[in-house]
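**Student:** no sequence on this one, just coordinates:
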């Protein structure tokens, strides 16, 4: 998919505040043209799939009492739709393995944009000085790594999937050209992301 094509994203969430907030955030994403479709009930989701299916579906795992990912993927109407768990409260991370990815209501716009681009196979545009600029979420992950947390612990703390944490760590390494925890520790201390007392083993 090209950067200038419209991406239809369904937001399946019972809470009007969360649903509207996510839709508003999607409209503000830089370099992506998003058409959010607010879906307040399973019936609304079914109608959407029959008329104009979204490219991506952001869905609360508790949507409609419980969203059955396997049934959705086996339904011909859901074929080709990428499914992203929309996390607004604590949820067992093992439930997220069936989803293509997950986002949290705490994710910043950079993280959401990066995930949508990856799901739609959109190549990122080159930006000046992007090699050293980390998103807020990437900085959070650097801090967790420096504190000695495992990918699983980071995923649970930040309400992300382990796959998403690994992707962030790969992007951090690419941006900073730092490929070790000790190198990230030095970076974090120099850039005042952590205090010396926060670093595990010091």
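**Tutor:** Nice, I can see it. Given the structure is predicted, the values throughout are model-derived calculations rather than measurements.
**Student:** Spell out the residue ranges of the helices in this structure.
**Tutor:** 16-27, 42-51, 69-74, 109-119, 136-146, 151-158, 162-176, 181-190 (DSSP state H).
**Student:** now the ones you listed in CSV, with mean neighbour count and mean pLDDT?
**Tutor:** For the C-beta atoms, the positions are set from N, CA and C on the backbone; glycine is no exception. As requested, the helices of the chain are exported to CSV (neighbours: other CB atoms under 10 Å; pLDDT from 0 to 100):
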stretch, mean neighbour count, mean pLDDT
helix 16-27, 16, 91
helix 42-51, 14, 91
helix 69-74, 13, 86
helix 109-119, 20, 84
helix 136-146, 20, 89
helix 151-158, 17, 90
helix 162-176, 17, 88
helix 181-190, 16, 84
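**Student:** Residue 103 is nearest to which of those?
**Tutor:** Nearest to residue 103 among the helices of the chain is helix 109-119 (5.8 Å), distances taken as CB to CB.
**Student:** That closest one - contacts with which helices or strands?
**Tutor:** Counting contacts by 3 or more CB pairs under 8 Å, 6 or more residues apart in numbering; DSSP states H and E, helix 109-119 is packed against helix 16-27, strand 82-87, strand 101-104, helix 136-146, helix 162-176.
**Student:** Quick check: which of those is nearest to residue 38?
**Tutor:** helix 16-27 (5.2 Å).
**Student:** circling back to that earlier point, any chance of the helices and strands packed on helix 109-119 in TSV with distance to residue 9 as columns?
**Tutor:** Formatted as TSV, the helices and strands packed on helix 109-119 follow (distance: least, CB to CB, whole Å):
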stretch	distance to residue 9
helix 16-27	6
strand 82-87	9
strand 101-104	11
helix 136-146	19
helix 162-176	17
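**Student:** closest to residue 189 out of those?
**Tutor:** helix 136-146 (8.1 Å).
**Student:** how many degrees apart are the closest one and helix 181-190 in direction?
**Tutor:** 120 degrees (axes from the mean of the first three to the mean of the last three CA atoms, to 10 degrees).
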